[in-house]
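# turn this into a model:
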Amino acid sequence: MSDFRGGASSVRQRSTPRTILVADDNPMIRKVLGKIFEAEINYEICAEATNGEEAITLAKQCKPHLIILDLAMPGGKNGIDVARELKRTMPHVPIILFTLHADTAVTHILEQNSPIDLVVAKSDVGNIVKHVRSLLAG
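Here you go, the predicted model:
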């Protein structure tokens, strides 16, 4: 059975999707982000990590176009540590720090030389696609 949804006017051209790695220890956050990007024709989640070390390994394997990192992850490396390491090998890949602690994170980033391209509060999940589009357009 085909999953065709309408006539020719509703057909969208599928280009090669932009890949996104999501690293968050909360399975619900990973699921929500997966559902959000599943609905977007030009984006797909290439890998999901539950901690910093796993994020580094998976990023090297799937070579995403963009990375979304949680600030507080188990495993010895937080999102900023992971971003620093990844920027050394993937300097042109934008990194979003997706966190409950946006105010604290922003302050911390402004006090240091940070590899983070954008900080997004988890409460702003509805705008995550807009933020991704903005970073990947530039």
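# where in the protein is the helix or strand with the lowest mean pLDDT?
helix 102-111 (a mean of 65; mean pLDDT, DSSP states H and E).
# do you know how far the residue most central in space within the chain is from Val32?
Centroid-nearest residue in the chain: Ile68, 2.4 Å away (criterion: CA atoms, centre = their mean). Plainly put, Ile68 is 11 Å away from Val32 if you go by CB to CB, to the nearest Å. Where C-beta positions appear, they are placed from N, C-alpha and C, glycine not excepted.
# cool, Leu86 as well?
23 Å.
# next one: Asn51
19 Å.
# same check, this time on Glu54
19 Å.
# which of the two has more neighbours?
Per other CB atoms under 10 Å, whichever of Glu54 and Val32 has more neighbours is Glu54, with 19 against 16.
# and that one, what element?
Element membership for Glu54 (DSSP states H and E) is helix 52-62.
# convert that helix to CSV, retaining C-alpha atoms only.
The C-alpha coordinates for helix 52-62 follow below in CSV (Å, rounded to 0.1, in the frame of the first residue of the first chain):
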residue,chain,number,x,y,z
GLY,A,52,29.4,12.8,26.2
GLU,A,53,31.7,10.0,25.2
GLU,A,54,29.1,8.4,23.1
ALA,A,55,28.3,11.7,21.4
ILE,A,56,31.9,12.1,20.4
THR,A,57,32.1,8.5,19.0
LEU,A,58,28.9,8.8,17.1
ALA,A,59,29.7,12.2,15.7
LYS,A,60,32.9,10.9,14.2
GLN,A,61,31.0,8.0,12.7
CYS,A,62,27.9,9.7,11.2
